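Undergrad: structure, please.
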Amino acid sequence: MQLYSFFNSSTSYRVRIALALKGLAFDCLPVNLRQGEQRAAQYLELNPSASVPLLVDDDGTSLSQSLAIIDYLDALHPEVRLIPQEPLARARVLEVANLIGCDIHPINNLRVLAYLQDRLGVSVQQKNDWYRHWAEQGIEALESLLQRHGQGSFCFGEQPTLADCCLVPQVANALRMGCDLERFELTLAIHRHCLGHLAFQRAAPDRQPDYIP
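TA: I've put the predicted structure just below:
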């Protein structure tokens with residue numbers, strides 16, 4: 001299995017966590033988003049969306065979009081299930097995953113931030129304020145969902161799910177960008193607990209072959 005990834009991409013981070021939780025070996029093929037390698041013609045042939053991650057399975061099947069990849073891995077390797085089968089439990093996990101994946105992440109994606117600064121001419125401070133506003137607003141909603149429906153040491157119980165695969169990278173990005181998250185006590189507690197798990201440690205940005213300090 002091959003994973004086209006960038007060490008600091010939160011979507012790649014999600015998939016690396018899922019692969020580690022399932023104990024699946026893969027070759028990491030770095031795509032440097034900062035240098036625009038995702039827009040190279042050779043990569044666009046593999047992934048027209050010009051993004052990471054991209055998973056190429058042993059049979060040649062290729063799949064982009066982190067949530068689709070993790071759902072695919074869950075179907076093929078269900079022995080460590082990340083998306084529950086029981087309908088309401090499944091819906092709760094997907095509710096959190098989609099809040100992060102659809103409401104928070106897209107508007108503070110690297111290419112969105114680059115467009116704000118490079119094409120619309122906003123200052124670095126304005127760009128960072130934009131990020132912090134939307135990230136903190138989204139994590140406030142996440143905290144509320146977890147307070148209402150979460151349970152256990154992870155988002156939903158004592159085993160990690162897709163929700164945790166999404167939460168950890170998003171919180172990591174928000175902290176790196178200087179967001180004030182202290183009031184989101186449950187979110188931070190789950191984040192800290194996940195970081196004590198070996199699979200999350202293996203998937204961390206600073207453990208990747210393309211890591212840039």
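
Undergrad: quick check: buried residues in the helix or strand bottoming out on mean pLDDT in the chain?
TA: Least confident helix or strand, the chain: helix 110-118 with a mean of 94, by mean pLDDT, DSSP states H and E. For helix 110-118, a neighbour-count test (16 or more other Cβ atoms under 10 Å) marks 110, 113, 116 as buried. All C-beta spots, glycine's among them, are computed from the backbone N, C-alpha and C.

Undergrad: would you reformat the residues you listed as CSV and include distance to Phe184?
TA: CSV is the format used below for those (distance: Cβ to Cβ, whole Å):
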residue, distance to Phe184
Leu110, 23
Leu113, 22
Leu116, 25
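
Undergrad: kindly calculate the angle that the next helix or strand after the least confident helix or strand of the chain makes with helix 110-118.
TA: Remark: after helix 110-118, the chain's next helix or strand is helix 124-149, criterion DSSP states H and E. Put simply, helix 124-149 runs at 150 degrees to helix 110-118, going by axes from the mean of the first three to the mean of the last three Cα atoms, to 10 degrees.

Undergrad: show me what helix 124-149 is packed against.
TA: If contacts are counted by 3 or more Cβ pairs under 8 Å, 6 or more residues apart in numbering; DSSP states H and E, helix 124-149 sits against helix 87-98, helix 110-118, helix 162-176, helix 185-195.

Undergrad: any idea of the angle that helix forms with helix 185-195?
TA: Using the same axes, to 10 degrees: helix 124-149 against helix 185-195 is 90 degrees.

Undergrad: residues of helix 124-149 that come out buried?
TA: The neighbour-count check on helix 124-149 (16+ other Cβ under 10 Å) flags 127-128, 130-132, 134-136, 138-139, 142-143, 145-146, 149 as buried.

Undergrad: mind listing what's buried along the helix or strand harbouring Val15?
TA: Element membership for Val15, per DSSP H and E: helix 10-22. For helix 10-22, the neighbour count (16+ other Cβ under 10 Å) marks 10-22 as buried.

Undergrad: check the residues you listed and tell me the two furthest apart.
TA: Ser10 and Lys22 (19.1 Å; Cβ to Cβ).

Undergrad: now stretch 113-122, how far from the centre of its chain.
TA: Computed by Cα atoms, centre = their mean, to the nearest Å, the chain-centroid distance of stretch 113-122 equals 23 Å.
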